[in-house]
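Participant: my questions are about this predicted structure, shown below with the sequence.
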Amino acid sequence: MPELPEVEVTRLGISDKLVGARIAGVAIHSAKFRAMVPAGLAQVLTGQTIQSVMRRGKYLILTSPAGSLLLHLGMTGHLRLVSGGSEPGAHDHFDLLLGSGLMLRMNDVRRFGSLCWTSHDPLQHKLLKAIGPEPLTGALTGEYLFRKSRGKKVFLQRFLMDSTVVAGIGNIYAAESLFRCRILPETPAGTLSLSDSSRLSEAVKETLASSIAAGHSTMDFTVAEEKLAYFPQKLYVYGREGKPCRECGGAIRRGRIGNRSTFFCPACQL
């Protein structure tokens with residue numbers, strides 16, 4: 001599932017072609033995602049100029065004078081830039097035709113993504129308003145995590161995945177951040193010390209930043225659909241059950257937190 005790094009790498013990969021571009025047309029091949037595509041969206045967008053491409057949590061925001069398009073990639077969504085007139089494939093659901101002749105195409109096999117429109121401040125939209133601080137800004141600090149975790153019995157991995165606490169962190173990067181700061185995922189959030197919280201905030205920032213840097217240097221959003229995939233990552237624990245820890249050589253273990261898997265090194269994470 002695309003998490004903050006994948007969404008940020010997407011933003012970085014498409015912004016140069018989109019910002020300042022005029023929208024010459026819109027094609028909706030399937031109106032049903034997680035929610036129905038708003039009626040009349042094509043009429044509203046056509047003729048607009050894209051002013052910026054922003055990210056909030058796992059959402060991309062394309063702004064224009066008339067309003068903002070909010071895109072969520074769901075579990076399997078991708079955006080890519082293709083030549084105008086390219087025939088859509090089975091899982092291509094939305095095309096934004098640009099005046100340059102390029103099209104921004106949304107592909108989503110499982111249709112868990114979404115397209116929403118607002119003519120008001122996008123950051124005040126109901127989907128974005130309650131999202132917590134962006135982890136790569138100064139708003140995420142040890143003091144903030146310490147304060148938010150007081151009295152919380154929820155396991156730390158679930159705490160990090162709560163979008164009202166921190167923006168954009170899912171299962172993968174929560175597990176990787178906890179490994180980086182050597183804390184077990186089943187640690188109750190309320191037991192964190194201020195020192196632990198500071199180490200965790202730095203681990204989150206380092207984990208996300210390194211993943212974004214790796215993706216930005218390797219991703220090409222103009223490749224054909226069948227070749228497009230998210231960037232390879234050097235994961236330390238996630239998905240590595242039974243494999244040797246890259247730090248100590250011990251076996252990585254898999255656990256369950258609710259209905260989600262978690263991965264950890266019992267030797268390195270105490």
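Facilitator: Good, I have the coordinates.

Participant: please, where are all the strands along this protein?
Facilitator: For the chain, the strands identified by DSSP state E occupy 23-28, 52-56, 59-64, 67-72, 77-83, 92-98, 102-108, 114-118, 253-257, 260-264, in order along the chain.

Participant: output these as TSV; include the columns mean pLDDT.
Facilitator: As requested, the strands of the chain are arranged in TSV below (pLDDT from 0 to 100):
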stretch	mean pLDDT
strand 23-28	92
strand 52-56	98
strand 59-64	98
strand 67-72	95
strand 77-83	90
strand 92-98	91
strand 102-108	91
strand 114-118	90
strand 253-257	94
strand 260-264	94
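
Participant: what's the closest of these to Glu206?
Facilitator: Distances from Glu206 to each of the strands of the chain were compared by C-beta to C-beta, and the smallest falls on strand 260-264, at 17.7 Å. All C-beta atoms are positioned from the backbone trio N, CA, C, and that covers glycine.

Participant: okay, the angle between that closest one and strand 253-257?
Facilitator: With axes from the mean of the first three to the mean of the last three C-alpha atoms, to 10 degrees applied, the angle from strand 260-264 to strand 253-257 works out at 140 degrees.

Participant: packing partners for strand 260-264?
Facilitator: In terms of contacts (3 or more C-beta pairs under 8 Å, 6 or more residues apart in numbering; DSSP states H and E), strand 260-264 is packed against helix 171-180, strand 253-257.

Participant: pull out the buried positions in the last one.
Facilitator: Same thing as strand 253-257. Within strand 253-257, the residues that qualify as buried are 253, 255, 257, counting by 16 or more other C-beta atoms under 10 Å.

Participant: any figure for the gap between the residue nearest to the second one when sequence neighbours are not counted and Leu115?
Facilitator: If you skip the residues right next to it in sequence, Gly255 has Thr262 as its closest partner in space, 4.7 Å away by C-beta to C-beta, 6 or more residues apart in numbering. Using C-beta to C-beta, to the nearest Å, Thr262 is found at 32 Å from Leu115.

Participant: so for the two, which sits in the more crowded spot?
Facilitator: Remark: of Thr262 and Leu115, Thr262 carries more neighbours, 23 against 20, as counted by other C-beta atoms under 10 Å.

Participant: which one among the buried residues of strand 253-257 gets closest to Ser83?
Facilitator: Ser83 lies nearest to Ile257 out of the buried residues of strand 253-257, by C-beta to C-beta, at 44.3 Å.

Participant: am I right that the residue nearest to Gly255 is in contact with Leu156?
Facilitator: No. With contact defined as C-beta atoms under 8 Å, Thr262 does not reach Leu156; the gap is 9.9 Å.

Participant: okay, and the common contacts of those two?
Facilitator: With contacts taken as C-beta atoms under 8 Å, 6 or more residues apart in numbering, Thr262 and Leu156 have 185-186 as neighbours in common.

Participant: what about Pro122, neighbour count?
Facilitator: Other residues close to Pro122 by other C-beta under 10 Å number 22.

Participant: pLDDT score for it?
Facilitator: The predicted local distance difference test score for Pro122 is 97.

Participant: distance-wise, check it relative to Gly57.
Facilitator: Here the distance between Pro122 and Gly57 works out to 12 Å (C-beta to C-beta).

Participant: shared neighbours of those two, which are they?
Facilitator: Between them, Pro122 and Gly57 have Leu128 as joint contacts when contacts are counted by C-beta under 8 Å, 6+ apart.

Participant: would you map the helices across this protein?
Facilitator: 4-18, 41-45, 142-149, 156-161, 171-180, 194-218 (DSSP state H).

Participant: give me the number of residues near the residue lying closest to His72 once chain neighbours are set aside?
Facilitator: Nearest non-adjacent residue to His72, counting by C-beta to C-beta, 6+ apart: Ser114, 4.6 Å away. Applying other C-beta under 10 Å, we find 19 other residues in the vicinity of Ser114.

Participant: give me the contact list for stretch 6-18.
Facilitator: Contacts of stretch 6-18 with the rest of the structure, by C-beta under 8 Å, 6+ apart, involve 2, 50, 53-55, 58-60, 62, 73, 78-79, 81, 98, 100, 102, 104, 168, 212, 215-216, 219-221, 230-231.
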